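**Q** A predicted structure for the sequence below; I have some questions about it.
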Amino acid sequence: MNLPESFVNRMKEILEEEYDDYIRSYDNQRMYGLRVNTSKISLEEFEKLCPFEIHKIPWIPNGYYYNGNEHPAKHPYYYAGMYYLQEPSAMTPASRLDVQPGDTVLDMCAAPGGKATELGIKLKGEGLLVANDISNSRAKALLKNIELFGIPNVFVVNETADKLLTYFEEYFDKILIDAPCSGEGMFRKDPSIISSWEKNGPKFYAKLQREIIVQAARMLKPGGLLLYSTCTFSPEENEGTIQYLLDQDAQFELVELKGYEGFDNGRPELANGSKELSKCVRIWPHKMEAEGHFMALLHKKGEMQVNGFNDTNYKIVKADSDILEEFLNRISMEIDRNYIEVKGQRVFYISKYMKNLRGVRFLRSGLLLGEIKKNRFEPSQALAMVLKATEFDSIINLSVNDNRTVKYLKGETLDVSDIAVKRNTGWQLVCVDYHPLGWGKLSNGTLKNKYNVSWRWQ
Ligand SMILES: C[S@@+](CC[C@H](N)C(=O)[O-])C[C@H]1O[C@@H](n2cnc3c(N)ncnc32)[C@H](O)[C@@H]1O
């Protein structure tokens, strides 16, 4: 691999006698990981069901290595939102931020959702996840992954940090900043990153990171936790950015994060020498079976206040529709009717923490339940993904080995006359091995396909 000369020289300086081990790590294969969606399946059940050879990633409770020759993204269980494909070191930041059900959480640079999906799962449907990304196209991919994972309590936002600050000052219990960075830790995984590094290197990103972290820090409540991560090695983007925040805002202090034998300490001597910086963590590819990463966990001093519900400026346009109610009565998942909102034809189940977001570019507020059309209600793909098979009154369950499963995902009409159903006409929740995939409409043993067109198996 052709590594830039200035990068190589700096790595030699940083790593000294370890440099040879580091450079040899480029001869090894990159590692492939998948992270299980524990809101949909337990690890025990997943290990039994998983059709791929997997073995545990030792520092990630729900992470597994898989063999790079396999294609887990081309499997019905992927379409059931059962797991997310993610490089093992990239699983670490979300695993080290202690998010609890009921927390208000900001993922500041969230797309395409590798960390937001894990943070959302930890909320267990309680509290709020604000998942933001400045790129609109990437935010769309983020929304899809959040929906696929079945996370209902979200705002998916497409904004700058300073704009968000005007709405969310001292609002969040936990914040993750998985910052845009020069990507040096991913050169092995994706050598094309080297050419973008040559265009915009550490200096460019360090400036951006400093702007983001200082603004995001002001959105954290006193008593809250902020986790900063990058996938790069350069000290100015890592210890340098953390030191910058500590210098700007005296309320912040570094705290130790849950360790692992392969983690290395931060390197104070590469920034201003403050010993505190050794509480940061570096992941090196020559010390762990993973690519390069950096993390710092910060605590904002002070007493934590509990958020109140209901922004009084926010007026819900309530749903008053018999056809909607008739459909919702088929669902056993608890849906508080006070938080159902109608916007045009679309019906949302919004968070109790909803805010008046006028002026904010957002892609989604809450769970899209579906659309009221003339004389019928059409449930959304997102609703199918939030439900469990037991939470809808009529399901069509297909085995993973039934060739109708992939046909369904491809958008085909199915003959299901051999399958016993509770209601032999109308909406059915289509499942693979009792894990929901989407909707279909049954009539005379034929299932009309209602799987989301843009999610179809290609
Ligand atoms: C390292 S990636 C995030 C990866 C993501 N956390 C995940 O795990 O899938 C950094 C993201 O920051 C976004 N970004 C860049 N500048 C930003 C800014 N000023 N504010 C918010 N997001 C920004 C980029 O669009 C990019 O998606």
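**A** Received, thanks. Numbering: from 1, shown residues only.

**Q** only C-alpha atoms from now on, for both contacts and neighbour counts.
**A** Fine.

**Q** can you name the residues of the stretch 1-150 of the chain sitting close to the ligand?
**A** Within the stretch 1-150 of the chain, the positions near the ligand by C-alpha under 6 Å from any ligand atom are 108, 109, 110, 111, 112, 113, 114, 115, 133, 134, 135.

**Q** and residue 6, what does it touch?
**A** Contact analysis of residue 6 by C-alpha atoms under 8 Å, 6 or more residues apart in numbering lists nothing.

**Q** sorry, back to before: kindly indicate which of the residues of the stretch 1-150 of the chain next to the ligand lies nearest residue 257.
**A** Set against residue 257, the nearest of those by C-alpha to C-alpha is residue 115 (16.7 Å).

**Q** thinking again about what came up before, which of the residues of the stretch 1-150 of the chain next to the ligand has the most neighbours?
**A** residue 110 (28 neighbours; other C-alpha atoms under 10 Å).

**Q** that one reaches residue 178, doesn't it?
**A** Yes - assessed by C-alpha atoms under 8 Å, residue 110 is found in contact with residue 178 at 7.2 Å.

**Q** follow-up on the earlier one: let me have the residues of the stretch 1-150 of the chain next to the ligand in a markdown table, adding distance to residue 437 as columns.
**A** Formatted as a markdown table, these follow (distance: C-alpha to C-alpha, whole Å):
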| residue | distance to residue 437 |
| --- | --- |
| 108 | 29 |
| 109 | 28 |
| 110 | 24 |
| 111 | 23 |
| 112 | 21 |
| 113 | 20 |
| 114 | 20 |
| 115 | 22 |
| 133 | 27 |
| 134 | 30 |
| 135 | 28 |
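
**Q** what's the burial count for residue 365?
**A** With neighbours defined by other C-alpha under 10 Å, the count for residue 365 comes to 20.

**Q** and it, how far is that from residue 341?
**A** 10 Å (C-alpha to C-alpha, to the nearest Å).

**Q** between the two, which contacts overlap?
**A** In contact with both residue 365 and residue 341: 348, 350, using C-alpha under 8 Å, 6+ apart.

**Q** residues in contact with residue 185?
**A** 231, 232, 233, 291, 292, 293.

**Q** and residue 203, by the same measure?
**A** 236, 237.

**Q** assumed it was part of a helix.
**A** Yes - assigned with DSSP: H, G, I helix; E, B strand; the rest coil, residue 203 falls within a helix.

**Q** residue 84 in helix, strand or coil?
**A** Classified using three-state DSSP, residue 84 is strand.

**Q** wait, doesn't residue 300 sit right on residue 219?
**A** No - the pair residue 300 / residue 219 is not scored as a contact, 10.7 Å apart, by C-alpha under 8 Å.

**Q** for the two, indicate the residue with more neighbours.
**A** Per other C-alpha under 10 Å, whichever of residue 300 and residue 219 has more neighbours is residue 219, with 26 against 22.

**Q** what's the local residue count around the residue of the stretch 351-458 of the chain found nearest the ligand?
**A** Residue nearest to the ligand within the stretch 351-458 of the chain: residue 361 (12.4 Å; C-alpha to the nearest ligand atom). For residue 361, the neighbour count with other C-alpha under 10 Å is 17.

**Q** begin at 15 from here
**A** From this message on, residue numbering opens at 15, which makes the last subject residue 375.

**Q** just the pLDDT at it, thanks.
**A** The confidence metric pLDDT takes the value 96 at residue 375.

**Q** repeat for the one 5 residues further on
**A** Per-residue confidence (pLDDT) for residue 380: 95.

**Q** list the contacts of it.
**A** Contacts of residue 380 by C-alpha under 8 Å, 6+ apart are 166, 167, 168, 169, 362, 363, 364, 365.

**Q** report the contact partners of the fourth one.
**A** In other words, residue 169. Neighbouring residues of residue 169 by C-alpha under 8 Å, 6+ apart: 142, 143, 144, 145, 376, 377, 378, 379, 380.

**Q** could you double-check that the first one lies in contact with residue 118?
**A** Yes - using C-alpha under 8 Å as the test, residue 142 is close enough to residue 118 to be in contact (4.8 Å).

**Q** which one of the residues in the stretch 15-164 of the chain is closest to the ligand?
**A** residue 128 (3.5 Å).

**Q** separation between that residue and residue 160?
**A** To residue 160, residue 128 is 9 Å away according to C-alpha to C-alpha.

**Q** swap in residue 75?
**A** 20 Å.

**Q** tell me which of these two has more neighbours.
**A** Counted by other C-alpha under 10 Å, residue 75 and residue 160 do not tie: residue 160 has more neighbours, with 27 against 14.

**Q** touching, that one and residue 131? I think so.
**A** Yes - the criterion here is C-alpha under 8 Å, and residue 160 meets it with residue 131 at 5.8 Å.

**Q** for the closest residue to the ligand within the stretch 265-414 of the chain, give the beta-bridge partners.
**A** When scored by C-alpha to the nearest ligand atom, the stretch 265-414 of the chain has residue 307 as its residue closest to the ligand, at 10.6 Å. Under DSSP bridges, the beta-bridge partners of residue 307 are residue 297.

**Q** residues contacting the residue located most distally from the centre of the chain?
**A** Relative to the centre of the chain, the most outlying C-alpha is that of residue 458, 40.1 Å out, by C-alpha atoms, centre = their mean. Applying C-alpha under 8 Å, 6+ apart to residue 458 gives the contacts 431, 438, 439.

**Q** the residues you listed into a markdown table, with extra columns for secondary structure?
**A** Output for those, formatted as a markdown table (three-state DSSP):
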| residue | secondary structure |
| --- | --- |
| 431 | coil |
| 438 | coil |
| 439 | coil |
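
**Q** filter these down to the buried ones, ChimeraX style.
**A** Buried members of these can be picked out in ChimeraX with the line below, counting by 16 or more other C-alpha atoms under 10 Å:
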select :438
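
**Q** what is the nearest of the contacts of residue 458 to residue 34?
**A** Proximity of those to residue 34 (C-alpha to C-alpha) peaks at residue 431, which lies at 64.2 Å.

**Q** how close does that closest one sit to residue 458?
**A** Counting by C-alpha to C-alpha, the gap between residue 431 and residue 458 amounts to 8 Å.

**Q** do the same with residue 166
**A** 33 Å.

**Q** tell me which stretches of the stretch 215-364 of the chain form strands.
**A** 234-244, 266-269, 278-279, 295-297, 307-314, 354-357, 360-363 (DSSP state E, counting those that start in this stretch).

**Q** got CSV for those, with distance to residue 287 and mean pLDDT too?
**A** Listed next are the strands of the stretch 215-364 of the chain as CSV, based on distance: least, C-alpha to C-alpha, whole Å; pLDDT from 0 to 100:
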stretch, distance to residue 287, mean pLDDT
strand 234-244, 19, 97
strand 266-269, 14, 98
strand 278-279, 13, 97
strand 295-297, 16, 98
strand 307-314, 16, 98
strand 354-357, 53, 90
strand 360-363, 50, 95
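
**Q** how many neighbours does residue 132 have?
**A** Neighbour count of residue 132, defined by other C-alpha under 10 Å: 25.
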